[in-house]
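Undergrad: Need coordinates for the below:
(chains A and B)
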Amino acid sequence: MSENITLTLPDGKALEVPVGATVKQAAAKIGPRLAEAAIAGKLDGSFVDIRMPLSTSGKFEVVTMKSPDANDVCRHSMAHIMAEAVLKLFPEAQFGIGPSIENGFYYDFLLSRSLTPEDLEKIEKEMQASIAAKQEFTREELDKSAARKLFGDLKQSFKLELIDEIPDQKVSVFRHGGFVDLCRGPHVPNTGAVKFFKLLTIAGAYWRGDEKRPMLQRIYGTAFATKEELDKHLAMLEEAKKRDHRKLGKELDLFSIHEEVGPGLVFWHPKGARIRNAAEMFWKDQHYKNGYELIYTPHIGRSWLWETSGHLGFYRDSMYSPMLIDDQEYFIKPMNCPFHIMIYKTQMRSYRDLPLRWAEMGTVYRYEKSGVLHGLMRVRGFTQDDAHIICTPDQIEDEVREVIRFSLFILKSFGFEEFKAYLATRPEKAVGEPARWEQALAALKRAVDQEGLVCEVDEGGGAFYGPKIDLKIKDALGREWQMTTIQFDFNLPERFDMTYIGADGGHHRPYMVHRALMGSVERFLGVLLEYHGGNLPLWLCPVQVAVLPISDKHLEYGKKIEQALRTRGIRTFLDTRSDKINYKIRSAQLQKIPFMAVLGDAEANANTITIRKRTGENLTGIDLDAFVTSQEWKKA
RNA sequence: GCCGGCGUAGCUCAGUGGUAGAGCAACUGAUUCGUAAUCAGUAGGUCGUAGGUUCAAAUCCUAUCGCCGGCUCCA
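TA: Model (predicted):
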């Protein structure tokens, strides 16, 4: 019996092939060169191995090294090649999983000893040998029982566990060299098809991501279909290192963290404080302009507050131990919301008062596990640019849309350009009726759509008390950073019995939204530093103009210029050292100061300044006032 | 919290059992200079901390604190 299936090619043409034809055979029907170049196929958007018999019609595509999907296939094959190398060096190795990931791949192993960087070199060598040998990848379909026997004989207990979880009766395995792996595929034709890789790091990883299960050793690598892409990626990793906010924080004297004081507690030095203050002033000003009121609340509160809010029930583990004051337990705040609610409850509120938008730069303290602390990005004491919007149910959608708009405005003001929204839905454990969740989610979704944001849904990722939208920014290196979070709260209004009097004269439950636009000010500034590589926009720079006299002769004139700038509200630094101008320029340049005023005889005589921008560009002999009102100044 | 690595001068780092080193920064002096490092000198460290092994420890062992890379977590 020779039935045919119809493959619809990307150009719309239909290709008839017999049932059971492989991707390779289908490609051969299009052209022999294509068959030769094929590394995988795609049927209705899913990868299929080139050796796999096709049995259903659908949209079909041949993946070659030039396809956008090539990297994905290569990386997966590379993970197998790495596993083969590890097997050679560690015959007793137990294999976990080894997927392709963004920019690379990894594989998890259980080994008799810890890996060292030297091991990585050895493994790389073995991999190169395997690639040079151009070993065929072969695909085989086995009954589960046969697969169990195969991996049982190899003493691969992790694989046995994986087999048990596969619902199908048949599983596929791929072999190359002496290595065999349970795997869906697809794989490149032979190990010679992939060449451009580098092993990067060794890390610990729990089996199946479960902290109760064994810790395996994970090797991360990167791989690309072409050398150019690999080199570009490696260069990007270098660049990311240079932009590390912890490095910049030290070099630019912005902040520090002290072992003697405690990990995750940030000290802002004068220059860092200048940046933070500029950001906060802007933030406050914009909040008043956008219909918010600013409030201040305490840092600690009695246990009553945290019992009522539910924090002690849900998050006690990440709250600091109570302190006893007059025999009463007080806790340092991990969130600001209960305090804001206390203000709400000081009065009877009318529907005419709503919406209320109350904002606070509220510093909170949370116990974060020691292993997760990271520079400014993850700390134990941080300031949220928090606000709570308390409104009626029919105001909620407009309010959310307005928050998103406001957030994008604020983020764009700091230079961020690319945004993505993540919509988090109801988790398993949650409060609030499902109907209200649905309603809130729909409102969030419509608001995101109206702002034209790309949105991804994070199923079950919401907080227990309500759904949320997170806005992330994408930086020049393609990394994503979480900034804004907008969260519905079905919990607190209930727990604190918040009410307002409606038009009908009855008591009603208000809706409440938590939102932080920057998220944590500390992390925000960390991201900002990395995003701009330390070259902050002018309005945030701790020093905007470095005044550099050519020699001590010009010090007097330098002082005059410095003062003139300062009285115009410009942040300056006068370099009084008796070094050469080259040295002063280099030093200002390393401090990433946007403008340098270079002053010598020419300038002093003509009562002008010469500006050197941090880009290296010069504006010779210009008037000071003309400069600070110029486009050059405003654009920086 | 878990796995692995690391911790030497303000910073970046060298020093694998025999009484602590470099460059930069700092300080002093000289130099007064036109677009990314002028020269010379001075000072600075109980080698994260606490135990232990040894005639002898920055170096080896144990514990502890912190940092780095991941994992887990992130209201």
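Undergrad: secondary structure element for the closest residue to residue A:455 other than its chain neighbours?
TA: Using Cβ to Cβ, 6 or more residues apart in numbering and skipping the chain neighbours, the partner closest in space to residue A:455 is residue A:421 (4.3 Å). For glycine as for every other residue, the C-beta is placed from the backbone atoms N, C-alpha and C. Under the criterion of DSSP states H and E, residue A:421 resides in strand A:418-424.
Undergrad: What lies in contact with the following helix or strand past that strand?
TA: Counting by DSSP H and E, the next helix or strand C-terminal to strand A:418-424 is helix A:434-450. When contacts are defined by Cβ atoms under 8 Å, 6 or more residues apart in numbering, helix A:434-450 is touched by residues A:396-397, A:400-401, A:404, A:421, A:423, A:425-426, A:430, A:455, A:462, A:466-469, A:486, A:488, A:490.
Undergrad: quick check: angle from helix A:434-450 to strand A:418-424?
TA: 170 degrees (axes from the mean of the first three to the mean of the last three Cα atoms, to 10 degrees).
Undergrad: For helix A:434-450, what does the pLDDT average out to?
TA: Helix A:434-450 comes out with an average pLDDT of 89.
Undergrad: Dump it to CSV, keeping only the CA atoms.
TA: Below are the C-alpha coordinates for helix A:434-450, written out as CSV (Å, rounded to 0.1, in the frame of the first residue of the first chain):
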residue,chain,number,x,y,z
PRO,A,434,-12.0,32.8,40.0
ALA,A,435,-14.5,35.1,38.4
ARG,A,436,-12.8,38.2,39.8
TRP,A,437,-9.4,36.8,38.7
GLU,A,438,-10.8,36.5,35.2
GLN,A,439,-12.2,40.0,35.2
ALA,A,440,-9.0,41.4,36.5
LEU,A,441,-6.9,39.5,34.0
ALA,A,442,-9.1,40.6,31.2
ALA,A,443,-8.7,44.2,32.3
LEU,A,444,-4.9,43.8,32.5
LYS,A,445,-4.8,42.2,29.1
ARG,A,446,-6.9,45.0,27.4
ALA,A,447,-4.7,47.6,29.0
VAL,A,448,-1.5,45.9,27.7
ASP,A,449,-3.0,45.6,24.2
GLN,A,450,-4.0,49.2,24.1
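Undergrad: Next, the buried residues of it.
TA: By neighbour count on 16 or more other Cβ atoms under 10 Å, the buried set for helix A:434-450 is A:436, A:437, A:439, A:440, A:441, A:443, A:444, A:445, A:447, A:448.
Undergrad: likewise stretch A:482-496?
TA: Taking 16+ other Cβ under 10 Å as the basis for neighbour counts, the residues of stretch A:482-496 that come out buried are A:483-493, A:495-496.
Undergrad: again, but for stretch A:36-49
TA: The neighbour-count check on stretch A:36-49 (16+ other Cβ under 10 Å) flags A:37, A:38, A:39, A:40, A:41, A:42, A:43, A:47, A:48, A:49 as buried.
Undergrad: same question, stretch A:528-542
TA: For stretch A:528-542, burial by neighbour count (16+ other Cβ under 10 Å) applies to A:528-536, A:538, A:540-542.
Undergrad: Narrow the residues you listed to those in helices?
TA: Taking DSSP state H as the definition of helices, the buried residues of stretch A:528-542 contribute A:528, A:529, A:530, A:531, A:532.
Undergrad: count of residues packed around the spatially closest residue to the second one that is not a sequence neighbour?
TA: Pointing back at residue A:529 there. Using Cβ to Cβ, 6+ apart and skipping the chain neighbours, the partner closest in space to residue A:529 is residue A:245 (4.2 Å). Residue A:245 is surrounded by 25 other residues when neighbours are defined as other Cβ atoms under 10 Å.
Undergrad: how close does residue A:245 get to RNA strand B?
TA: With distances defined as Cβ to the nearest atom of the strand, to the nearest Å, the gap from residue A:245 to RNA strand B amounts to 10 Å.
Undergrad: So for that residue, what pLDDT did the model give?
TA: The predicted local confidence for residue A:245 comes out at a pLDDT of 96.
Undergrad: Any stretches of chain A with poor pLDDT?
TA: Along chain A, the parts satisfying pLDDT under 70 run over A:1-2.
Undergrad: tell me the domain ranges of it?
TA: Chain A breaks down into these structural domains: A:4-64, A:70-240, A:262-267+A:275-298+A:333-526, A:299-332, A:543-635 (assignment by automatic domain parsing).
Undergrad: now these as CSV including distance to residue A:251?
TA: What follows is the domains of chain A, written out as CSV (distance: least, Cβ to Cβ, whole Å):
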stretch, distance to residue A:251
domain A:4-64, 45
domain A:70-240, 15
domain A:262-267+A:275-298+A:333-526, 13
domain A:299-332, 32
domain A:543-635, 7
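Undergrad: The ones you listed: which one's closest to residue A:256?
TA: domain A:262-267+A:275-298+A:333-526 (4.9 Å; Cβ to Cβ).
Undergrad: ok so, going back, for the buried residues of stretch A:528-542, name the two members farthest from one another.
TA: A:530 and A:538 (18.5 Å).
Undergrad: just to revisit the earlier point, tabulate the buried residues of stretch A:528-542 (a markdown table), appending distance to residue A:478.
TA: A markdown table is the format used below for the buried residues of stretch A:528-542 (distance: Cβ to Cβ, whole Å):
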| residue | distance to residue A:478 |
| --- | --- |
| A:528 | 17 |
| A:529 | 17 |
| A:530 | 12 |
| A:531 | 12 |
| A:532 | 16 |
| A:533 | 14 |
| A:534 | 19 |
| A:535 | 19 |
| A:536 | 21 |
| A:538 | 26 |
| A:540 | 23 |
| A:541 | 26 |
| A:542 | 28 |
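Undergrad: near RNA strand B, from the residues you listed?
TA: The subset of those within reach of RNA strand B, by Cβ under 7 Å from any atom of the strand, is empty.
Undergrad: Contacts only, for the residue nearest to residue A:455.
TA: Residue A:421 makes contact with A:404, A:448, A:453, A:454, A:455, A:456, A:469, A:470, A:471, A:472 under the criterion Cβ under 8 Å, 6+ apart.
Undergrad: so which of those residues comes closest to residue A:181?
TA: The closest of the contacts of residue A:421 to residue A:181 turns out to be residue A:456 (Cβ to Cβ; 30.6 Å).
Undergrad: Check the secondary structure at that closest one for me.
TA: With DSSP: H, G, I helix; E, B strand; the rest coil as the basis, residue A:456 sits in strand.
Undergrad: Spit out the contact partners of it.
TA: A:420, A:421, A:422, A:423.
Undergrad: Leaving out sequence neighbours, find the closest residue to the third one.
TA: Residue nearest to residue A:422 in three dimensions, not counting chain neighbours: residue A:470, with 4.5 Å by Cβ to Cβ, 6+ apart.
Undergrad: What residues does the stretch 501-636 of chain A have near RNA strand B?
TA: A:550-553, A:577-583, A:585-586, A:589-590, A:596, A:598-603, A:610, A:612, A:616, A:618, A:620.
Undergrad: Looking at those residues, which are in strands?
TA: Taking DSSP state E, the ones among those that sit in strands are A:596, A:598, A:599, A:610, A:612, A:618, A:620.
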